[in-house]
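sequence unknown, structure follows:
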């Protein structure tokens with residue numbers, strides 16, 4: 001077998017992916033998606049991104065149809081990898097936004113189990129990796145709460161990318177080749193663009209894990225024979241990957257005052273104090289669903305009996321084997337697993353009510369909003385510790401080994417069977433046209449901006465303006481859309497729409513008197529105006545925050561567009577330098593022609 005065949009035609013990997021397909025049953029037997037709390041929001045966002053693509057704008061910052069056509073900098077502040085992928089799927093296979101999310105959901109499941117398998121295979125062998133992949137993807141919070149009850153597709157995608165990132169970072173430390181370095185940096189950049197706060201959490205976990213195991217290398221007596229820089233190289237890949245994604249996160253930090261991000265911490269439904277989970281509930285068996293929630297989907301806040309029990313058995317057995325002197329090709333994999341076991345305990349502490357004082361003292365934690373959101377990285381930690389079961393299973397006599405393997409491999413799937421029940425209250429189909437979206441937004445408060453607390457509403461909007469019949473009618477008809485408030489035009493003034501796109505508009509104006517024009521578009525940092533190419537000062541209208549601008553008498557072309565800002569220019573420069581740095585490091589690795597030993601010592 002070639003290297004490619006051994007890696008991607010691995011029978012253990014194929015079995016893991018095949019067993020993951022049970023999660024496709026609710027998708028295969030029913031149309032649409034279960035009506036999760038955020039399913040509608042992400043469906044309309046995916047459709048909005050696709051409309052930008054249709055206008056030739058592939059990396060939009062502005063979601064123009066949000067808030068009844070007044071717009072929102074949604075894609076500037078919210079990690080949008082999910083919507084890039086759904087737009088690609090819609091373009092490639094002519095899918096609806098809802099169907100694109102269905103396919104992305106299945107792809108995320110496969111990436112979760114496959115990525116975890118590939119990571120743990122290097123540490124605990126194929127059998128342990130098979131267990132880890134299934135324990136991870138069948139975690140109740142991941143497979144049910146994230147995917148269905150919440151409909152938190154970006155967060156699920158982040159967990160999928162995280163598993164692949166662990167695999168490639170581990171491979172980079174084992175063999176620092178250009179391709180391993182590039183893949184690690186690329187996956188880190190993808191993680192940053194998958195979900196805002198979960199990406200931060202998972203990046204910290206990955207970097208801390210690398211530091212932990214790198215420290216073990218120096219403690220090991222044979223550290224001098226190893227490449228001590230392998231851990232630093234992995235950290236460099238994470239750093240450069242993060243920097244390469246600075247076009248997304250750096251403007252958020254520098255321009256956070258341009259929107260109402262403080263709403264994320266406002267008391268109410270997103271207040272962290274209301275979302276701790278009792279330890280007894282975390283450890284309890286998963287209930288059979290009874291459509292008890294308002295949307296027919298009950299949040300599950302359990303670790304999963306298969307998950308925590310297999311992690312407990314795996315951790316204890318690994319400790320006993322290590323104490324008795326058992327060694328593998330990666331003997332320090334036992335000690336490396338200690339990190340994930342301790343991390344799982346620490347994260348569980350942060351989920352239960354006893355940690356409330358810590359949340360109150362560490363403000364950055366509060367941006368996670370829900371302590372139970374940490375159940376997703378806990379699931380990853382438990383899966384990695386559970387992979388240690390592969391060692392003691394491989395030492396059993398053949399007569400007992402096959403039965404024990406079948407039982408343990410089946411346990412995560414069997415205990416998840418009740419969760420494969422798909423509630424009848426589903427979104428079977430969804431019209432995501434702008435007209436249908438605006439009609440739905442009139443009835444549901446969270447839909448106009450597709451956010452729960454209007455955290456991405458521009459700072460100048462003190463009260464939301466009512467919908468404008470003229471603007472809604474234009475959106476219903478499709479492009480072009482005239483956003484000029486013609487009711488404010490002086491008598492005899494002519495205004496011809498020349499151009500309309502998601503982030504730019506232009507009119508030919510002919511007027512005999514000066515006046516103040518109003519555009520049906522929220523003012524936000526970066527919106528600019530020109531008269532015949534000359535800059536024109538603009539400002540937000542009182543209360544409603546719409547773009548207003550003083551126009552002189554005469555004949556000219558007025559252009560209003562979303563331009564760059566110093567923060568965005570700096571971010572683009574940092575990103576370009578990081579990409580160049582990543583390529584340079586990869587080139588240097590190629591020139592060095594390294595043939596390193598595995599960073600774990602071989603001791604059989």
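That came through, no problem. Predicted model only: the values in this text are computed from it and were never measured.

C-alpha only now, for contacts and for neighbours.
Will do.

Look at the closest residue to residue 452 other than its chain neighbours and say how many residues are nearby.
Of all residues not flanking residue 452 in the chain, residue 446 sits nearest, at 5.3 Å (CA to CA, 6 or more residues apart in numbering). Neighbours of residue 446 under the rule other CA atoms under 10 Å: 17.

And for residue 492?
10.

need the contact list for it.
Listed by CA atoms under 8 Å, 6 or more residues apart in numbering, the contact partners of residue 492 are 511-512.

run the last query once more with 10 Å
510-513 (CA atoms under 10 Å, 6 or more residues apart in numbering).

how about those residues in CSV, adding pLDDT?
Below are those laid out as CSV (pLDDT from 0 to 100):
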residue, pLDDT
510, 96
511, 95
512, 94
513, 95
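
Can you identify the element that follows the lengthiest helix in the chain toward the C-terminus?
Counting by DSSP state H, the longest helix found in the chain is helix 97-137. Remark: after helix 97-137, the chain's next helix or strand is helix 140, criterion DSSP states H and E.

State the mean pLDDT of that following helix.
The pLDDT scores in helix 140 average 92.

I'd assumed residue 437 was in contact with the residue nearest to residue 452.
No. The pair residue 446 / residue 437 is not scored as a contact, 11.9 Å apart, by CA atoms under 10 Å.

Now the common contact residues for those two.
residue 40.

Can you tell me the closest non-neighbouring residue to residue 46?
Residue 46's closest residue in space is residue 83 (CA to CA, 6+ apart), at 4.9 Å.

distance of the one you found from residue 51?
According to CA to CA, to the nearest Å, residue 83 and residue 51 sit 11 Å apart.

Provide a list of residues in contact with the closest residue to residue 106 other than its chain neighbours.
Of all residues not flanking residue 106 in the chain, residue 24 sits nearest, at 6.6 Å (CA to CA, 6+ apart). By CA under 10 Å, 6+ apart, the residues touching residue 24 are 102-103, 105-106, 109, 420.

list the contacts for residue 120?
Residue 120 neighbours (CA under 10 Å, 6+ apart): 126-133, 163, 166-167, 170, 333, 383-388.

Mind doing that once more with 7 Å?
By CA atoms under 7 Å, 6 or more residues apart in numbering, the contact set of residue 120 is 128-129, 132, 384, 387.

Can you tell me how far it is from residue 127?
Taken as CA to CA, the span from residue 120 to residue 127 is 9 Å.

Which parts of the stretch 401-550 of the chain are helices?
434-441, 469-477 (DSSP state H, counting those that start in this stretch).

so which of these comes closest to residue 244?
helix 434-441 (33.4 Å; CA to CA).

Report the inter-axis angle for that closest one versus helix 469-477.
Put simply, helix 434-441 runs at 130 degrees to helix 469-477, going by axes from the mean of the first three to the mean of the last three CA atoms, to 10 degrees.

Show residues contacting helix 434-441.
65, 68, 447-448, 475-476.

tell me the mean pLDDT for it?
93.

Could you list the buried residues of that helix?
434-435, 437-438, 440-441 (16 or more other CA atoms under 10 Å).

Kindly report the same for stretch 475-495.
So stretch 475-495, judged by 16+ other CA under 10 Å, has buried residues 475-476, 481-485, 489, 494-495.

same thing with stretch 394-409?
405, 408-409.

and the residues you listed as TSV, adding pLDDT?
Converted to TSV, those look like this (pLDDT from 0 to 100):
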residue	pLDDT
405	90
408	93
409	93
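
With respect to residue 467, which of those is nearest?
residue 409 (55.0 Å).

Excluding chain neighbours, what is closest to that closest one?
residue 131 is the one closest to residue 409 (CA to CA, 6+ apart), at 5.9 Å.

Hmm, the one you found is touching residue 384, no?
No. Shown here, residue 131 and residue 384 do not form a contact pair, counting by CA atoms under 7 Å, at 9.0 Å.

Skip ahead from the helix or strand of the chain with the lowest mean pLDDT and say which helix or strand is next.
Every helix and strand of the chain was ranked by mean pLDDT, DSSP states H and E. The lowest is helix 3-8, at a mean of 55. Using DSSP H and E, the next helix or strand after helix 3-8 towards the C-terminus is helix 11-20.

what about residue 318, is that helix, strand or coil?
When classified by DSSP: H, G, I helix; E, B strand; the rest coil, residue 318 comes out as helix.

Please verify my assumption that it contacts residue 335.
No. Residue 318 lies out of contact with residue 335 (CA under 7 Å); the separation is 9.2 Å.

Of these two, which one has the most company?
residue 318 (26 against 16).

Tell me the secondary structure at residue 558.
Under three-state DSSP, residue 558 comes out as strand.

Surely it touches residue 506?
Yes. Proximity of residue 558 to residue 506 meets the contact threshold set by CA under 7 Å, at 5.5 Å.

Could you list the low-confidence segments of the stretch 251-400 of the chain?
By pLDDT under 70, the low-scoring segments of the stretch 251-400 of the chain are 266-269, 286-298, 326-332.
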